[in-house]
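> Any chance you could fold what I've pasted below:
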Amino acid sequence: MFTRIPGPTHKVAFVRFNANRMDLRLGGFYPALGVPLEAAPAATLAFLYLLLAIFTLTFKPSPFILNTRILLCSASSYWFWRFGFTYDVPTRLVESGVAIICAYGIFRNIETGFAYLLEPVPRWIINGETQKLPDTFVWRVTWSLDLLFSMRGTSYLPNTHWNFAPASLVSPKHRKTRLTFFRQKLASLAGQFLLLDFIDTTVKARKWPTIPDTMHPITSLPLLEQLYFATAVCLTTALSISTPYNTLSIIMVLFGCRPESWPSQFDDPFHADSLQAFWTHKWHASFRRIFLMVSAAIVDTSRIFIPNRRALSAFRGLCIFSLSCLMHLTLTYRIRPPGVNPDRVPFFDRETFLFFILQPIGMLLEVSLVRPFAKGFLGEKSRGVTWCTRAFAWMWLLWTGRYWSDVWVKHGLWAPGERVVGYSLFRGVLYGQWKQ
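I've put the predicted structure just below:
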């Protein structure tokens, strides 16, 4: 079980597990552990250059500072690209993971290098008061590290958040004792792994064709099966984000972070009472800031052509989902089924395009047709209006989700070798296959 390695004095220097004898199968629970070690230097350089670029935001603007920041962001983007797209990884889930980190890093470089030419530099809010930029080396470094790892505006420091954090993330409801936090997160993790195991067991009960054999593995099925598998993909997407995040949050709070620094990635998305609420408040906000900043810049330059306020709002929604579509096209291009030549995987994918572009159209229909019709038919203050918008939201998400399910499956994410849990309760009970 163990391998002993003698040190210089012929005593045991350390003890390590022999991977051939003991396998915790953590890679099944957390695919990120499958990232090859040779990719570590690229990731390290990418984050280091981004940290240095963020560090320059604490100084007064000048041509030298601006040029230095752009150079650092360019170098960081290059290494993020190297990390995300040039290393062989064992599974498609790991491919999606490194591609997401790559996309996040490049978007953060766009934000750091260019967006703050138009937008104010972020500020800490401590105990409700907006702070000035730090002016000492230690606080500049602390400020930079905190901003580097703040995807949504929360802070690792006590009683602190960033001025771009959505109000829902700094709500008092997130303040709880550590014991309560651990109890809730551990219970949530247990339920999430069981749900993941159940979904994975059911969807892998059949063999799925991938690119180039098919482009429509889901939408070519009978309707009820399409709807079930669309629901499975939606749940799997949410769980693949929340389970590693919840695990990390438990570790960070265990080592001293406050529970309110780690609010959930999702705000009860399956209780959304409208399509607009689902996308703007309930779904995860990891890329929200950069999408809002870039779309705002595009909208500001378009005001002369689109003077109507409502039309401008609809155009901004289209810009946000277009950016998300572009990001997901890049991610799915990185995910290649085993044995498939990269040349056989096209960058543009019709199903990805349809799913993301149809979302702002659905929100426009909801605001202009569904809600007014429900109010006129049921009454302005009737609870039935909420039920109508909720029903419309879920019908729209399920119907359009079939397209995203096509993308998910044809890129091999439901292949037999893709492990989402290390040990399977449902496979163990049904087939005696406890190890996935």
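
> Show me where the stretch 251-400 of the chain dips below the pLDDT cut-off.
For the stretch 251-400 of the chain, no stretch has pLDDT under 70.

> in it, which spans are helices?
275-277, 288-302, 309-334, 350-365, 371-378, 383-410 (DSSP state H, counting those that start in this stretch).

> So which of these is nearest A230?
helix 383-410 (3.9 Å; C-beta to C-beta). The way it works is simple: take the backbone N, C-alpha and C, and place the C-beta from them, glycine included.

> packing partners for the closest one?
helix 223-254, helix 275-277, helix 350-365, helix 371-378 (3 or more C-beta pairs under 8 Å, 6 or more residues apart in numbering; DSSP states H and E).

> how about a markdown table for the ones you listed, with mean neighbour count and distance to Q192 added?
As requested, the helices and strands packed on helix 383-410 are arranged in a markdown table below (neighbours: other C-beta atoms under 10 Å; distance: least, C-beta to C-beta, whole Å):
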| stretch | mean neighbour count | distance to Q192 |
| --- | --- | --- |
| helix 223-254 | 17 | 5 |
| helix 275-277 | 22 | 23 |
| helix 350-365 | 19 | 24 |
| helix 371-378 | 14 | 33 |
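
> any chance of those in CSV, with distance to W79 too?
Below are the helices and strands packed on helix 383-410 laid out as CSV (distance: least, C-beta to C-beta, whole Å):
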stretch, distance to W79
helix 223-254, 22
helix 275-277, 38
helix 350-365, 26
helix 371-378, 47
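
> all strands of the stretch 51-200 of the chain, in order?
According to DSSP state E, counting those that start in this stretch, the stretch 51-200 of the chain carries its strands in the segments 124-126, 129-130, 160-162.

> Pick the most buried one from the ones you listed.
Among these, strand 160-162 has the highest mean neighbour count (mean count of other C-beta atoms under 10 Å), at a mean of 20.

> Now the spatially closest residue to H411 that is not a sequence neighbour: phi and psi?
Ranked by C-beta to C-beta, 6 or more residues apart in numbering and with sequence neighbours excluded, the top spatial neighbour of H411 is I335, at 4.3 Å. Main-chain dihedrals, I335, degrees, to the nearest 10: phi -90, psi 110.

> Compute the distance between the residue nearest to W124 when sequence neighbours are not counted and H161, please.
Once flanking residues are discounted, W124 sits nearest to Q131: 4.3 Å by C-beta to C-beta, 6+ apart. According to C-beta to C-beta, to the nearest Å, Q131 and H161 sit 11 Å apart.

> intersection of neighbour lists for the two?
124-125 (C-beta atoms under 8 Å, 6 or more residues apart in numbering).

> still on that earlier bit, make a markdown table from the helices of the stretch 251-400 of the chain and add distance to L239 to it.
Output for the helices of the stretch 251-400 of the chain, formatted as a markdown table (distance: least, C-beta to C-beta, whole Å):
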| stretch | distance to L239 |
| --- | --- |
| helix 275-277 | 21 |
| helix 288-302 | 20 |
| helix 309-334 | 17 |
| helix 350-365 | 19 |
| helix 371-378 | 31 |
| helix 383-410 | 13 |
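
> closest to T68 out of the ones you listed?
helix 288-302 (21.3 Å).

> quick one: contacts for the residue nearest to H411?
92, 95-96, 99, 411-413.

> Could you rerun that using 6 Å?
92, 95-96, 411 (C-beta atoms under 6 Å, 6 or more residues apart in numbering).

> can you tell me how far it sits from S242?
20 Å.
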